[in-house]
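K.L.:
Dropping the sequence and predicted coords here.
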Amino acid sequence: MTHSTDISQVPEGFKIRSISSGFLEIEYQRSGMKTLNGFLIVWLLGWSVACAFLLRSYLTGGVMDDGEPIPIWFVGLFWGAELLVACILLYSLFCRKVFKVDYSSLSMDVNVLWLHWQKSMRINEVIELQQVKDGGEGKDSFPSWGLKVIGEVNQDTKTFKLISRQPHSRSVWLGNVLAEHLGVPFKQCRT
């Protein structure tokens, strides 16, 4: 990618933090999904109240409809659902990814609040970037696309997903920018 990148054409959610010969850094933060996030917040508030009442009832010797004591697995099931939805919501609201290309590697740093992890691949291992359709089939009515890196390490194929569940144009933009900067092919899906 050259210095002539038109910043006004960067899709929503992406921000070019640094670009120069041999170096690229793009930040990505989820955008959209406001309706789903709102639903999850409301659901989580109501579910939290129900979990608190269930735990209180369990601790004070409450019983089920059949007169048996409330089993701990039942309480655990409710709290497990609470934890799962809370994790999905936190990821949706606070996940930030930074894609970096330098002279030696392509890396993806993922940050969600205080959690951080990184995936990377050396540039000489990257074979191609590939757009994948990851939504819109069967009962999923919202077509979406992701982007993954395909590499070869010691004659084994290595892959990792950079983004998922995005509009076609966003994964195409990121795929083209990264592929051009890496000097590898970008295999695009048909819409």
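P.N.:
Happy to help now that I have it.
K.L.:
Helices of the chain, residue ranges please.
P.N.:
For the chain, the helices defined by DSSP state H cover 34-59, 72-94, 168-182.
K.L.:
List the buried residues of the first one.
P.N.:
If you call a residue buried by 16 or more other C-beta atoms under 10 Å, then helix 34-59 has these buried ones: 40, 44, 47, 51, 54, 58. C-beta here means a position set from N, CA and C on the backbone, and glycine is covered the same way.
K.L.:
So for the third one, what's the nearest residue that isn't a sequence neighbour?
P.N.:
The spatially closest residue to Trp47, leaving aside those adjacent along the chain, is Glu82, at 5.6 Å (C-beta to C-beta, 6 or more residues apart in numbering).
K.L.:
and the one you found, what is it in contact with?
P.N.:
Taking C-beta atoms under 8 Å, 6 or more residues apart in numbering, we find Glu82 in contact with 44, 47-48, 51.
K.L.:
quick one: which of these is nearest Lys119?
P.N.:
Among the contacts of Glu82, Leu44 lies closest to Lys119 (C-beta to C-beta), at 28.7 Å.
K.L.:
The closest one - nearest residue in space that isn't next to it in sequence?
P.N.:
Using C-beta to C-beta, 6+ apart, the closest residue to Leu44 is Val85 (5.4 Å).
K.L.:
Turn the helices of the chain into a markdown table, including mean pLDDT and distance to Val153.
P.N.:
What follows is those, written out as a markdown table (pLDDT from 0 to 100; distance: least, C-beta to C-beta, whole Å):
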| stretch | mean pLDDT | distance to Val153 |
| --- | --- | --- |
| helix 34-59 | 90 | 36 |
| helix 72-94 | 90 | 28 |
| helix 168-182 | 88 | 16 |
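K.L.:
most distant residue from the middle of the chain?
P.N.:
The centre of the chain is farthest from one residue, Gly67, which by C-alpha atoms, centre = their mean lies 44.3 Å away.
K.L.:
Need phi/psi at that one.
P.N.:
Torsion angles at Gly67 (phi, psi; degrees, to the nearest 10) stand at phi 90, psi -10.
K.L.:
Asp65 now?
P.N.:
Per-residue torsions, Asp65: phi -60, psi -30 (degrees, to the nearest 10).
K.L.:
Around it, count how many other residues there are.
P.N.:
Using other C-beta atoms under 10 Å, Asp65 has 5 neighbouring residues.
K.L.:
which other residues reach stretch 41-56?
P.N.:
Stretch 41-56 has contacts (C-beta under 8 Å, 6+ apart) with 62, 70, 74-75, 78-79, 81-82, 85-86, 89.
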